[in-house]
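[1] pasting the sequence and the predicted model now:
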Amino acid sequence: MDISDHHMTDVGIIRPDVHIEVHVKSQSTAKRSEVRTHVLSLLDRHSTVLGSYTWTEFDDEFLAKNVESVSVADLTGPKLVDLKVHNLCIHIFSLNDDSPSMLALEEEEELSAANHWLLPAAYITHNMTFVFTLSLQLLDYVSTTIFFSDRNVDSNLIAWNRVVLLHGPPGTGKTSLCKGLAQKLSIRLSGRYAHSQFVEINSHSLFSKWFSESGKLVTKMFQKIQELIDDKDALVFVLIDEVESLTASRSAAQAGTEPSDAIRVVNSVLTQLDQIKRHPNVVILTTSNVTEKIDLAFVDRADIKQYIGPPSASAIFHIYLSCLEELMKRHIIYPRQQLLSLEELGTMNFMESDVTRLSLTLRNLAQRSVGLSGRALRKIPFLAHALYGKSSTLTVEGFLKAMERAVDKQRQEQASLVNCV
């Protein structure tokens with residue numbers, strides 16, 4: 001971890017860490033020590049911030065040339081923060097532009113049921129994923145597992161298995177949350193590990209496509225992962241989506257409601273998890289839509305079992321805000337207008353004025369959208385333009401009205417589906 005400075009208020013009293021994420025341009029050749037020096041100078045000049053804050057424009061010529069953004073990360077609430085009285089942890093990173101590649105199980109055949117890429121990746125948008133308090137708890141959990149491992153804490157006395165299980169209905173962002181968590185940790189721990197690897201296993205594909213050999217294929221998959229873990233300079237994240245496909249309850253198989261091959265698959269998965277959990281540089285992230293079908297032995301191995309429901313109104317606001325910013329960037333919404341964050345609105349007591357009007361309209365739209373899945377929410381801007389956009393460019397106000405109509409249409413369609421069932 002890149003910790004560049006520590007600040008103490010009174011003797012013996014240390015303030016909590018504040019994390020500063022510095023996104024360096026991919027073409028930059030500047031030394032990290034130089035970047036850190038200029039960032040510290042920036043933070044010294046702007047030492048009081050309102051919650052999480054990001055600089056994307058710089059008076060400093062060096063920063064303008066070499067840095068995409070400097071972010072005060074993961075602070076919650078609209079409170080003012082004095083950076084001078086906190087421990088500042090500076091995390092300097094650049095994004096990997098490569099697309100995911102297939103992780104082949106057989107050299108002579110195109111036998112792949114996993115994607116593999118280096119982190120942090122441009123492919124993953126991590127910023128908006130981490131508006132949830134839950135994600136910060138997960139971040140703390142994984143950081144603690146690595147911290148305990150570094151201190152050689154005896155796992156026989158204090159148990160942890162490096163397994164996270166996120167469960168809930170489809171479309172609630174479980175997979176995105178896992179990817180965002182891995183992205184964040186690859187940035188946070190960039191000083192601890194030279195690089196980070198991410199392997200995404202589609203367990204449903206692995207189990208169903210080569211059914212009769214699935215137990216052996218699970219073993220081969222984990223052998224490939226073991227090769228990555230053997231590099232002690234790498235932090236390895238393994239995402240098992242739809243984990244119920246690989247960990248179907250053995251009691252169901254024994255009762256005849258699941259194929260007998262399922263027993264071999266579950267046994268193989270549990271054996272492999274018990275082997276790799278001994279390594280300090282691996283984290284297993286899993287998701288499930290139907291937890292009642294998962295073998296209890298796997299559930300017991302999960303250190304954190306967290307239900308993920310539909311996004312809250314505040315999370316929806318952040319999702320919509322990121323979508324509108326993207327559309328303004330691409331001139332689909334024009335002219336660009338300033339939209340305030342919830343934290344900024346909070347400092348103004350959510351009072352309506354010319355400055356806050358559009359942002360409050362967005363807040364009302366977010367509240368109106370509660371109950372829609374994350375997947376449905378991301379489609380709303382597209383549907384708004386496709387169904388109700390009357391020109392190639394719309395103003396923010398016009399686009400918000402189109403989004404409102406798109407939300408109403410989604411709700412009507414949901415109601416129709418429920419009535420048909």
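    Arrived safely.

[2] residue nearest the centroid of this protein?
    Geometric centre of the chain, nearest residue: residue 180, 1.4 Å, by Cα atoms, centre = their mean.

[3] assign that one to helix, strand or coil.
    State at residue 180, reduced to three classes by DSSP: H, G, I helix; E, B strand; the rest coil: helix.

[4] would you agree it is in contact with residue 124?
    Yes. At 6.9 Å, residue 180 counts as touching residue 124 under the criterion of Cβ atoms under 8 Å. All C-beta spots, glycine's among them, are computed from the backbone N, C-alpha and C.

[5] residues touching residue 31, list them.
    For residue 31, the contact set (Cβ atoms under 8 Å, 6 or more residues apart in numbering) is empty.

[6] give me phi/psi at it?
    phi -70, psi 150 (degrees, to the nearest 10).

[7] and what of residue 198?
    phi -130, psi 130.

[8] how many other residues sit next to the closest residue to it other than its chain neighbours?
    Excluding the flanking residues, the one nearest residue 198 by Cβ to Cβ, 6 or more residues apart in numbering is residue 237, at 4.8 Å. Neighbours of residue 237 under the rule other Cβ atoms under 10 Å: 24.

[9] does residue 237 touch residue 286 like I think?
    No. Between residue 237 and residue 286 there is no contact under Cβ under 8 Å: 11.3 Å.

[10] how close does residue 399 sit to residue 277?
    48 Å (Cβ to Cβ, to the nearest Å).

[11] what about those two, which has more around it?
    Ranked by neighbour count (other Cβ under 10 Å), residue 399 and residue 277 place residue 399 first, with 23 against 20.

[12] what ranges do the strands span in the stretch 201-350 of the chain?
    Counting by DSSP state E, counting those that start in this stretch, the stretch 201-350 of the chain has strands at residues 234-241, 282-288, 304-307.

[13] including distance to residue 196 and mean pLDDT, could the ones you listed go into a markdown table?
    Listed next are those as a markdown table, based on distance: least, Cβ to Cβ, whole Å; pLDDT from 0 to 100:
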| stretch | distance to residue 196 | mean pLDDT |
| --- | --- | --- |
| strand 234-241 | 4 | 94 |
| strand 282-288 | 10 | 93 |
| strand 304-307 | 20 | 89 |
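
[14] so can I have TSV of the ones you listed showing distance to residue 266?
    Formatted as TSV, these follow (distance: least, Cβ to Cβ, whole Å):
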stretch	distance to residue 266
strand 234-241	13
strand 282-288	13
strand 304-307	17
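
[15] among those strands, which is nearest residue 346?
    strand 304-307 (26.6 Å; Cβ to Cβ).

[16] chain center to that closest one, what's the gap?
    15 Å (Cα atoms, centre = their mean, to the nearest Å).

[17] contacts for that strand, please.
    Identification of contacts with strand 304-307 by Cβ under 8 Å, 6+ apart yields 134, 137-138, 141, 164-168, 291, 299.

[18] from those, which ones fall inside helices?
    134, 137-138, 141, 299 (DSSP state H).

[19] residue 356: which of those is nearest?
    Here the nearest of the ones in helices among the contacts of strand 304-307 to residue 356, counting by Cβ to Cβ, is residue 134; it sits at 28.3 Å.

[20] now do the contacts for the nearest residue to residue 311 once chain neighbours are set aside.
    Leaving aside its sequence neighbours, residue 311 sits nearest to residue 374 (Cβ to Cβ, 6+ apart; 5.6 Å). Contact partners of residue 374, counting by Cβ under 8 Å, 6+ apart, are 171-173, 176, 310-311, 319.

[21] now the buried members of the residues you listed.
    For the contacts of residue 374, a neighbour count by 16 or more other Cβ atoms under 10 Å gives the buried set as 171-173, 176, 310-311, 319.

[22] for those, give me TSV that also has pLDDT and distance to residue 223.
    Formatted as TSV, the buried ones among the contacts of residue 374 follow (pLDDT from 0 to 100; distance: Cβ to Cβ, whole Å):
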residue	pLDDT	distance to residue 223
171	83	33
172	84	32
173	83	31
176	86	28
310	87	38
311	87	38
319	89	39
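
[23] in these, find the pair that's most separated.
    Using Cβ to Cβ, the buried ones among the contacts of residue 374 span at most 13.5 Å, a distance reached by 176 and 310.
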